[in-house]
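Participant: quick one, structure for this:
(4 chains)
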There are 2 protein chains.
Amino acid sequence: MVYTSEYPFVYVTVDIVVLTIRDDALQALVVRRAEEPFKNRWALPGGFVGEREDLELAALRELREETDVSPGEVRLEQLKTYGAPDRDPRHRVVSVAFLAVLPAGPTPTAGTDAAEASWVPVDDLLSRGRLAFDHGQILADGVERARAKLEYSNLALAFVGREFTIADLRRVYETVWGRDLDAGNFHRKVTGATGLVRATGRQRAQERGRPAELFTAGSAISVHPPLTREVLR
Amino acid sequence: MVYTSEYPFVYVTVDIVVLTIRDDALQALVVRRAEEPFKNRWALPGGFVGEREDLELAALRELREETDVSPGEVRLEQLKTYGAPDRDPRHRVVSVAFLAVLPAGPTPTAGTDAAEASWVPVDDLLSRGRLAFDHGQILADGVERARAKLEYSNLALAFVGREFTIADLRRVYETVWGRDLDAGNFHRKVTGATGLVRATGRQRAQERGRPAELFTAGSAISVHPPLTREVLR
DNA sequence: ACAAAAGTGTTGAGCGTACACCCATGG
DNA sequence: CCATGGGTGTACGCTCAACACTTTTGT
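Facilitator: The predicted structure follows:
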């Protein structure tokens, strides 16, 4: 099939920054490129937008081609659009980037696709700067967005499963921000924010120490007052 | 010229939410559509992205075709990308929306283009919902972004000229947020935020009352601590 | 009994809001 | 001298960070 147009056009793709926490580290999903350009380099998962496909659905479809995540347990939001004329050496490609966050548990590295896919700590990906195209910048923007949204939104809940303890949630903040938080103050703040989490009444035994109460997500989307990641000393 | 492709493609445009303050109201720039669809309806300024043109430059070019604003006095940032398959009844069009903020003074309604362009209060545009395509949603998203960014960024400075008084700045907040602020506390907070504004030492006579000191923009991009638009009573 | 983790109490410092008050100008 | 808007002082209440302390489990 050959498509024709009287106006200049560009290819539109979606690229997805998929974040999760594995092994106490913030990790991103990357796929090994099988072809030039950037052959054998890591790239963000993504692909072309279908002819009559909504952008968000395209991102969700690409995500499901790389992971076995179900739509219900992934948080997906639009990040930014990247359209520098030379960002792809072959064609003019405008890419709408998305940020996806999912819980670590139920999603193995997987990949029904033939391409090799892997979870890699974002610190490694960012410091060594080996991603294809401008995906290093996209990843950096996605990570920064996630860090910022922990402050005032319930994004942290997307990193944990349906049931979680307050300490689970605190470890999300500590991992994403790279900073230890006071356990007591964190507990008070999170349980005190109206509607953020809801107690189940049940408990979960820890490896060591007192069992922790289990919570589920509440109805609140934003956190008031916000948590702060700045060190104020 | 006819362009061909082996993959499905979409048209890519930019649309711009241009905000300023005129007559003590937050106003947006809109253009009257001369053709179907949505003939004679207001639309946001915008147009096709050039073949080898960066997205931001395309937005800047379109902006200059509708106003006589110079690049130095406009604040332009990417807002969001809109790509629902049926948002334009003719073709598949993905639009990268931008938010532009400019000072009221030096920019008359103008328009070198033949199309009729006009400043209209955003309250009118949003409440009567007569904008073409999904531009009502884009405008709403842009206004919300501006309202949010006043809290923690120096975006308010883009609404005033190079030299301004603290009261000028306060009126920006009051107009955009639709809420009166305490003049004394606002003064302290803005002048106390490190690097946000810089005193010139000169003054400007008011119509009535004590003359106000003139300030220019400082080097800080973000405001710490943030101002708050919530009413806490 | 001890270690470890969950969760609660307490306290002092800092900040924001409200509002009183002073300052500088035009009429 | 009065009205008006710019700008400062002050006091009360609230929140946060720090950290002591209690609770509840496994070993």
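
Participant: so how far is stretch A:64-82 off the chain centroid?
Facilitator: Put simply, stretch A:64-82 sits 8 Å off its chain's centre (C-alpha atoms, centre = their mean, to the nearest Å).

Participant: got the end-to-end distance for it?
Facilitator: End-to-end distance of stretch A:64-82: 22 Å, with C-alpha to C-alpha, to the nearest Å as the criterion.

Participant: check whether it contacts chain B.
Facilitator: Yes - using C-beta under 8 Å from any C-beta of the partner chain, stretch A:64-82 reaches chain B at A:78, A:80-81. Where you see a C-beta, it was placed from the backbone N, CA and C, and this is true even at glycine.

Participant: name the residues of that stretch that are buried.
Facilitator: A:66-67, A:69, A:74-82 (16 or more other C-beta atoms under 10 Å in any protein chain shown).

Participant: now, these that are in strands?
Facilitator: Of the buried residues of stretch A:64-82, the ones assigned to strands by DSSP state E are A:75-82.

Participant: buried residues in the strand ranked longest in chain A?
Facilitator: Criterion DSSP E: the longest strand present in chain A is strand A:11-22. By neighbour count on 16+ other C-beta under 10 Å, the buried set for strand A:11-22 is A:11-21.

Participant: which helix in chain A runs the most residues?
Facilitator: As assigned by DSSP state H, the longest helix anywhere in chain A is helix A:135-152.

Participant: so for the residue of chain A found nearest DNA strand D, what's the pLDDT?
Facilitator: Nearest residue of chain A to DNA strand D, counting by C-beta to the nearest atom of the strand: residue A:210, 3.1 Å away. Residue A:210 carries a pLDDT value of 94.

Participant: what's the neighbour count on it?
Facilitator: 8 (other C-beta atoms under 10 Å in any protein chain shown).

Participant: residue A:129 versus that one, what's the distance?
Facilitator: From residue A:210 over to residue A:129 the distance is 44 Å, taken as C-beta to C-beta, to the nearest Å.

Participant: can you check residue A:165 too?
Facilitator: 36 Å.

Participant: which of those two has more neighbours?
Facilitator: Neighbour tally, residue A:165 and residue A:129, criterion other C-beta under 10 Å: the higher count belongs to residue A:165, 19 against 9.

Participant: how far does stretch A:165-178 sit from the chain's center?
Facilitator: 15 Å.

Participant: if you could redo that for stretch A:151-162, that was the one I meant.
Facilitator: Using C-alpha atoms, centre = their mean, the offset of stretch A:151-162 from its chain centre is 11 Å.

Participant: other residues contacting that stretch?
Facilitator: Stretch A:151-162 has contacts (C-beta atoms under 8 Å, 6 or more residues apart in numbering or on different chains) with A:19-21, A:74-75, A:101-106, A:146, A:149-150, A:164, A:168-169, A:172-173, A:176, A:196-197, A:216-218, A:220-223, A:226-229.

Participant: thought residue A:190 was touching residue A:166?
Facilitator: Yes - using C-beta atoms under 8 Å, residue A:190 is in contact with residue A:166, at 5.8 Å.

Participant: sort out which one of the ones in strands among the buried residues of stretch A:64-82 lies nearest residue B:92 for me.
Facilitator: Distances from residue B:92 to those, taken as C-beta to C-beta, are shortest for residue A:81 (15.7 Å).

Participant: ok, the closest one touching residue B:78?
Facilitator: Yes - Residue A:81 is in contact with residue B:78 according to C-beta under 8 Å; the separation is 6.6 Å.

Participant: quickly list what's touching both of the two.
Facilitator: B:55, B:96.

Participant: buried residues, the helix or strand of chain A with the lowest mean pLDDT. List them.
Facilitator: Of all helical and strand segments in chain A, the minimum by mean pLDDT, DSSP states H and E falls on strand A:3-5, at a mean of 74. Within strand A:3-5, no residue is scored as buried using 16+ other C-beta under 10 Å.

Participant: what helices or strands is it leaning on?
Facilitator: Applying 3 or more C-beta pairs under 8 Å, 6 or more residues apart in numbering or on different chains; DSSP states H and E, one finds that strand A:3-5 contacts strand B:3-5.

Participant: direction included, what does the strand it packs on pair up with?
Facilitator: Sheet pairing of strand B:3-5 (DSSP bridges) gives strand A:3-5 (antiparallel).

Participant: pull out the buried positions in the helix or strand that contains residue A:199.
Facilitator: Element membership of residue A:199 [criterion: DSSP states H and E] is strand A:197-204. Using 16+ other C-beta under 10 Å as the burial criterion, the residues of strand A:197-204 that qualify are residue A:197.

Participant: counting contacts, what elements does it pack onto?
Facilitator: helix A:183-192, strand A:212-217.

Participant: tell me the most buried of those?
Facilitator: Per-stretch averages of neighbours, counted by mean count of other C-beta atoms under 10 Å in any protein chain shown, single out strand A:212-217 among the helices and strands packed on strand A:197-204, with a mean of 17.

Participant: which secondary structure elements does that one contact?
Facilitator: helix A:166-177, strand A:197-204.

Participant: would you list the ones you listed in TSV and tack on mean pLDDT and distance to DNA strand D?
Facilitator: Shown next, in TSV, are those (pLDDT from 0 to 100; distance: least, C-beta to the nearest atom of the strand, whole Å):
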stretch	mean pLDDT	distance to DNA strand D
helix A:166-177	97	12
strand A:197-204	94	7
